[in-house]
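Q: just coords:
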């Protein structure tokens, strides 16, 4: 499952494909066209048939969008992918853009000529995105055209077939709630808003609501499917029946009417033609659906995906499953880290190490009878200055030997039927310098601050984010990514709306699982990140306090490299937290570990400071 990427740029493909696309745009009477990484379902991972950005440019990252104009093609990526973009695309054809600082709508305002005519495929952009593009184009007297056909798809003659990944049932033991109860809750919300139906367009919400999982895209086990849940009556699930074996089909037909995906538009138009009020989430649904509803006579009611918050707030069964999955994953991490520590420095590469970790997860899963289903994202395996690239993606070209005297960062995760994991550890390979140890300790202080936080109900991610940064700020440093993202239950490793970041306005609610991953990155030198997963829970009342408080339960158990800790930089409370964490890690994982040498390693790695 681990993917390494050959950086074999073929500039002639970029030149020829861009030229053909430009000719199509000219014929259509438009000046520019957007090619997003996103597919019709707006997911982080997309099937091969939706890799339009990669087909046009050669760029294979998980986030990006290209703007094709008569004179240039700007490929917008975030800081994770700047290096990868430079390696994979032809600089004579493609120019790098800043997806965060100057995304396409801002670029159009700042650089596009007056009267610029932009075309988009309305199935590949949400309503919220379209509003930003329309406002930007209005400011320069331009226009936005929603195209009926994607001109790139007409040129992509050998486009792969759509996926037919088999669906599986998520048992009540793991789901914790019957699908019929979830669908009834969604229907009640539709009635409360005075609407006729709601569109569920996020495949993860479909998977959650129907207690199914899929295999259509890498790393995220949801089926590419949509649903219409009415205020009264049976939902309609739009899914290719070839994905559902007999047992699964029989299960689904008890919950919904099944229809092929090709019938979705016709069904929605018929509903709208009756003048119905139809709910959809403008941040998740393709803008094509808004157009279809309004042009057919219906009314769009914009509202958050009704499954999103219930899906984010894990129930007791899901939380217990996550705890068990993380214990198993912790055992695999210990066996892997012991192997790495006992391997002669300078004899293994970044790719070899990532493959070893996946193999260890697989072996431990078989031993504990809870098999590894997939990795939860492409493993980040970076040594030395590669670790300073926040989301470095090793390729066969960039792969390097992990040399002594360096820091090594590995950020990885796993999909098990009972939970999704995500963990980062930064470890010393041989002896490293005082500066690396100082910043490791400052990052650790931030991670401990989040872990030990108590906060009043109503607190948001933005309120807690400074706790992870204050030690770095005092040292004149910071990190450029969020402190934490939401995590699903055998679903997406990046789940919204919960986050801990400078911008997150979502209230943190009991049951939400988040990552806790402050870091520090010195370009050209080294990078550090320490990550555990945490669950929001009700905290014990503080003696003498006035307010009920929330806190976090840590569910990731794996040693943090004590060799990198400058003890004098920790407070007594921080030292106590780390010693207690290590003692609990040792107690929880030791019964799951095989091999005397690994057990000795765990004893040493979790000894008190």
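A: Noted; the coordinates are in hand. These figures come from a predicted structure and were not determined experimentally.
Q: Look up how far residue 278 lies from residue 267.
A: 11 Å (C-beta to C-beta, to the nearest Å). (Glycine included, C-beta is placed from N, CA and C.)
Q: show me where the stretch 301-450 of the chain has helices.
A: For the stretch 301-450 of the chain, the helices defined by DSSP state H, counting those that start in this stretch occupy 308-312, 316-341, 350-367, 434-451.
Q: Mean pLDDT for these - can I get that in a markdown table?
A: Below are those laid out as a markdown table (pLDDT from 0 to 100):
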| stretch | mean pLDDT |
| --- | --- |
| helix 308-312 | 97 |
| helix 316-341 | 98 |
| helix 350-367 | 97 |
| helix 434-451 | 98 |
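Q: Mean neighbour count and distance to residue 538 added to those, as TSV?
A: Listed next are the helices of the stretch 301-450 of the chain as TSV, based on neighbours: other C-beta atoms under 10 Å; distance: least, C-beta to C-beta, whole Å:
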stretch	mean neighbour count	distance to residue 538
helix 308-312	21	16
helix 316-341	22	13
helix 350-367	19	32
helix 434-451	21	16
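Q: would TSV of these with distance to residue 516 be doable?
A: Below are these laid out as TSV (distance: least, C-beta to C-beta, whole Å):
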stretch	distance to residue 516
helix 308-312	16
helix 316-341	13
helix 350-367	20
helix 434-451	5
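Q: Those helices: which one's closest to residue 81?
A: helix 350-367 (17.1 Å; C-beta to C-beta).
Q: Next, the angle from that closest one to helix 316-341.
A: 130 degrees (axes from the mean of the first three to the mean of the last three C-alpha atoms, to 10 degrees).
Q: Output the contacting helices and strands for helix 350-367.
A: helix 316-341, strand 380-383, strand 406-412 (3 or more C-beta pairs under 8 Å, 6 or more residues apart in numbering; DSSP states H and E).
Q: if we can go back for a sec, who has more neighbours, residue 267 and residue 278?
A: residue 278 (25 against 14; other C-beta atoms under 10 Å).
Q: and that one, how far is that from residue 560?
A: 50 Å.
Q: swap in residue 263?
A: 53 Å.
Q: neighbour count winner among these two?
A: Legend: neighbour count by other C-beta under 10 Å for residue 263 and residue 560, higher for residue 560 (21 against 13).
Q: neighbours of the residue lying closest to the more buried one once chain neighbours are set aside, just the number please.
A: Closest residue in space to residue 560, ignoring its immediate chain neighbours: residue 530 at 6.2 Å, by C-beta to C-beta, 6 or more residues apart in numbering. Residues near residue 530, counting by other C-beta under 10 Å, number 23.
Q: any idea how far residue 530 is from residue 176?
A: 30 Å.
Q: same deal with residue 552?
A: From residue 552 to residue 176 the distance is 21 Å (C-beta to C-beta).
Q: out of those two, which sits in the busier spot?
A: residue 552 (25 against 18).
Q: which phi and psi does that one have?
A: Backbone torsions for residue 552, taken as degrees, to the nearest 10, come to phi -120, psi 140.
Q: for it, what are its contacts?
A: Listed by C-beta atoms under 8 Å, 6 or more residues apart in numbering, the contact set of residue 552 reads 450, 451, 453, 514, 516, 534, 535, 536, 537.
Q: out of these, who has the most neighbours?
A: Neighbour max across those (other C-beta under 10 Å) = residue 514, 28 neighbours.
Q: Just list whatever residues bridge to it.
A: Under DSSP bridges, the beta-bridge partners of residue 514 are residue 486, residue 534.
Q: wait, it sits on residue 498?
A: Yes: using C-beta atoms under 8 Å, residue 514 makes contact with residue 498 at a distance of 5.8 Å.
Q: tell me the contacts of the closest residue to residue 26 other than its chain neighbours?
A: In space, and not counting its chain neighbours, residue 26 is closest to residue 70: 7.8 Å by C-beta to C-beta, 6+ apart. Residues in contact with residue 70 (C-beta under 8 Å, 6+ apart) are 22, 26, 31, 32.
Q: Restricted to buried residues, select the residues you listed in PyMOL.
A: A single PyMOL command selects the buried members of those (16 or more other C-beta atoms under 10 Å):
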select buried, resi 22+31+32
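Q: From the contacts of residue 70, pick the one nearest residue 215.
A: residue 32 (36.0 Å).
Q: contacting residues around the closest one?
A: 25, 67, 68, 69, 70, 112, 116, 117, 118, 119.
Q: okay, residue 21: pLDDT?
A: Listed pLDDT for residue 21 reads 96.
Q: Start at 59, not 1
A: With the count now opening at 59, the last piece we talked about shows up as residue 79.
Q: Checking it next. Helix, strand or coil?
A: Classification of residue 79 by DSSP: H, G, I helix; E, B strand; the rest coil places it in helix.
Q: Report how many residues lie close to residue 82.
A: Residue 82 is flanked by 18 other residues according to other C-beta under 10 Å.
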